[in-house]
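>>> I would like to see how this sequence folds:
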Amino acid sequence: METVQAFTSKREITRMKKALHGRNLLMFTIGINTALRVSDLLALKVKNVRGDYIDVTEGKTDKRKRMPINDSIRKAVNECVPADANPNDWLFPSRTGDGHIGRVQAYRILNEAAERAGVKVNVGTHTMRKTWGKFAYDKGVPLERIMVALNHSSQRQTLKYIGIEREHIDEIYVNMNL
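Coordinates of the predicted model:
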């Protein structure tokens, strides 16, 4: 199995957003803005995005996570979720059953969008979570905070996760001309 990667530019994200619409655009927007694992993301209901925060208990860690709803999420919710939607409705309903879409369907949605968008990244459902970490790191958020937000046990794990590899470290040495 190939390792999926983070999107590394706003241009890639914009192209992905243009290749998605409705429920799928909402999933992508919330995914890259919250760093939720896909199982927790897909289990969201309308009521989870109607306030100022998204509150979830993570399935993998059983830890409570609370994230403010930022402007990008709020805009996507306003555009994609009808004002009269039932609070208990799935945010990402399956079109073939009573539940929400599954992780395999989410994977297909993202890969098909990446192909339409011409994005050359190994895309998977974890791409959304990794993208959040990569952009936070690039904006100068301390690694310790990113590590805590992602519920990682080590900084090394977080660096690998967001794609900071040996070539990035070598670049620091090459550009450090004191």
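
>>> where does the protein dip in pLDDT?
1, 166-168 (pLDDT under 70).

>>> so where do the helices sit in it?
10-18, 22-34, 38-42, 71-80, 103-117, 126-138, 143-149, 155-161, 166-175 (DSSP state H).

>>> Put together a markdown table for these, with mean neighbour count on each row.
C-beta: built from backbone N, CA, C; applies to glycine. A markdown table is the format used below for the helices of the chain (neighbours: other CB atoms under 10 Å):
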| stretch | mean neighbour count |
| --- | --- |
| helix 10-18 | 16 |
| helix 22-34 | 22 |
| helix 38-42 | 20 |
| helix 71-80 | 15 |
| helix 103-117 | 17 |
| helix 126-138 | 22 |
| helix 143-149 | 15 |
| helix 155-161 | 16 |
| helix 166-175 | 9 |
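
>>> To Glu58, which of those lies closest?
Among the helices of the chain, the nearest to Glu58 by CB to CB is helix 38-42 (5.6 Å).

>>> Can you tell me which helices and strands that closest one packs against?
Using 3 or more CB pairs under 8 Å, 6 or more residues apart in numbering; DSSP states H and E as the contact definition, the elements that helix 38-42 packs against are helix 22-34, helix 103-117, helix 126-138.

>>> Hmm, Ala113 is touching His21, no?
No. Contact criterion CB atoms under 8 Å: Ala113 and His21 do not qualify, at 9.6 Å.

>>> Roughly how far does Lys160 sit from Val123?
18 Å (CB to CB, to the nearest Å).

>>> Could you list which residues are in contact with Met16?
7, 28, 110, 113-114, 117, 119 (CB atoms under 8 Å, 6 or more residues apart in numbering).

>>> Turn those residues into JSON lines, columns for distance to Arg74.
Output for these, formatted as JSON lines (distance: CB to CB, whole Å):
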{"residue": "Phe7", "distance to Arg74": "21"}
{"residue": "Phe28", "distance to Arg74": "15"}
{"residue": "Leu110", "distance to Arg74": "22"}
{"residue": "Ala113", "distance to Arg74": "22"}
{"residue": "Ala114", "distance to Arg74": "25"}
{"residue": "Ala117", "distance to Arg74": "24"}
{"residue": "Val119", "distance to Arg74": "25"}
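
>>> Before I go, just wanted to say thanks for your time.
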